[in-house]
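J.: build me a model:
(chains A and B)
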Amino acid sequence: DTAVSQTPKYLVTQMGNDKSIKCEQNLGHDTMYWYKQDSKKFLKIMFSYNNKELIINETVPNRFSPKSPDKAHLNLHINSLELGDSAVYFCASRFQGSWEQFFGPGTRLTVL
Amino acid sequence: DQQVKQNSPSLSVQEGRISILNCDYTNSMFDYFLWYKKYPAEGPTFLISISSIKDKNEDGRFTVFLNKSAKHLSLHIVPSQPGDSAVYFCAASARAGNNRKLIWGLGTSLAVNP
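T.: Next comes the predicted model:
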């Protein structure tokens, strides 16, 4: 059973489109994250949710909107996609009292 | 401003020898450090961690050393195996309000040659 899963694994789309990436964890964790890994391999946190509540919101364009329908899911919706949004997006989760984050396999987004 | 730095983008080691991956940080508020390993097309997976109150943590072939005065930590893998070939990320944890945030280095790509 996959602990943290993301769909889709690959996403190729045109500039200006709106797309969503989904994340689900079956670990019973209460905190979930979205990270962006750009072409320079820099892994940067975008958002963090704890029990469906937004905790961390880094400097991210408001075209990016996370949604957490429940503790096990954290989806990322991106409006008006731009070339610079091309990256690998990782979802992660953890228990609030633990240090270790568990990562999903990543979604490679390519904007043409 | 990168608070966690891994200055060696790549490292090549012979099988059976020791691999030493280095990490430097600038923020003295970091109180927990983690190493993650990442294979291509997969997410990072947790490897080993160390609290700032310790200077060494060992788990099998993996040992992490922390030098707080130098703001430096290192991951030792001995003996190195071809399956250890991956990108290794150093991450440091600091409290951000009621949450914990991980600040990541850029990673070091380790190649263990048979």
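
J.: ok, and the closest non-adjacent residue to the residue of chain A found nearest chain B?
T.: Nearest residue of chain A to chain B, counting by Cβ to the nearest Cβ: A:Phe103, 3.1 Å away. C-beta: built from backbone N, CA, C; applies to glycine. Nearest non-adjacent residue to A:Phe103, counting by Cβ to Cβ, 6 or more residues apart in numbering or on different chains: B:Gly43, 3.1 Å away.

J.: that older thread, go ahead and confirm the residue of chain A closest to chain B touches B:Tyr39.
T.: No. Assessed by Cβ atoms under 8 Å, A:Phe103 is found out of contact with B:Tyr39, at 11.5 Å.

J.: of these two, who's got more company?
T.: Between A:Phe103 and B:Tyr39, counted using other Cβ atoms under 10 Å in any protein chain shown, the more crowded position is A:Phe103 (22 against 12).

J.: the more buried one and A:Pro61, how far apart?
T.: Going from A:Phe103 to A:Pro61 by Cβ to Cβ, to the nearest Å gives 23 Å.

J.: enumerate the residues of chain B near chain A.
T.: B:32, B:34, B:36, B:41-46, B:49, B:87, B:89, B:93, B:96-102, B:104, B:106-107 (Cβ under 8 Å from any Cβ of the partner chain).

J.: show me how far the helix or strand of chain B with the lowest mean pLDDT is from its chain's centre.
T.: Every helix and strand of chain B was ranked by mean pLDDT, DSSP states H and E. The lowest is strand B:99-104, at a mean of 80. Taking the mean of its C-alpha atoms, strand B:99-104 sits 15 Å from the chain's own mean (Cα atoms, centre = their mean, to the nearest Å).

J.: strands along the chain, start to end?
T.: Going with chain A. Ranges of strands in chain A, per DSSP state E, are A:4-7, A:10-13, A:19-25, A:31-37, A:43-50, A:53-57, A:64-70, A:73-78, A:87-94, A:102-103, A:107-111.

J.: wait, I meant chain B there
T.: Ranges of strands in chain B, per DSSP E, are B:4-5, B:10-14, B:19-25, B:32-38, B:45-51, B:56-59, B:62-67, B:72-77, B:86-96, B:99-104, B:108-113.

J.: need those strands in TSV (columns: mean neighbour count).
T.: Converted to TSV, those look like this (neighbours: other Cβ atoms under 10 Å in any protein chain shown):
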stretch	mean neighbour count
strand B:4-5	19
strand B:10-14	14
strand B:19-25	21
strand B:32-38	22
strand B:45-51	17
strand B:56-59	12
strand B:62-67	18
strand B:72-77	20
strand B:86-96	20
strand B:99-104	20
strand B:108-113	18
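
J.: out of the ones you listed, which gets the lowest mean score?
T.: Out of these, strand B:99-104 stands lowest, with a mean of 80 (criterion: mean pLDDT).

J.: that older thread, looking at the strands of chain B, which is nearest to A:Thr31?
T.: Closest to A:Thr31 of the strands of chain B is strand B:99-104 (Cβ to Cβ; 7.0 Å).

J.: okay then, goodbye and thanks.
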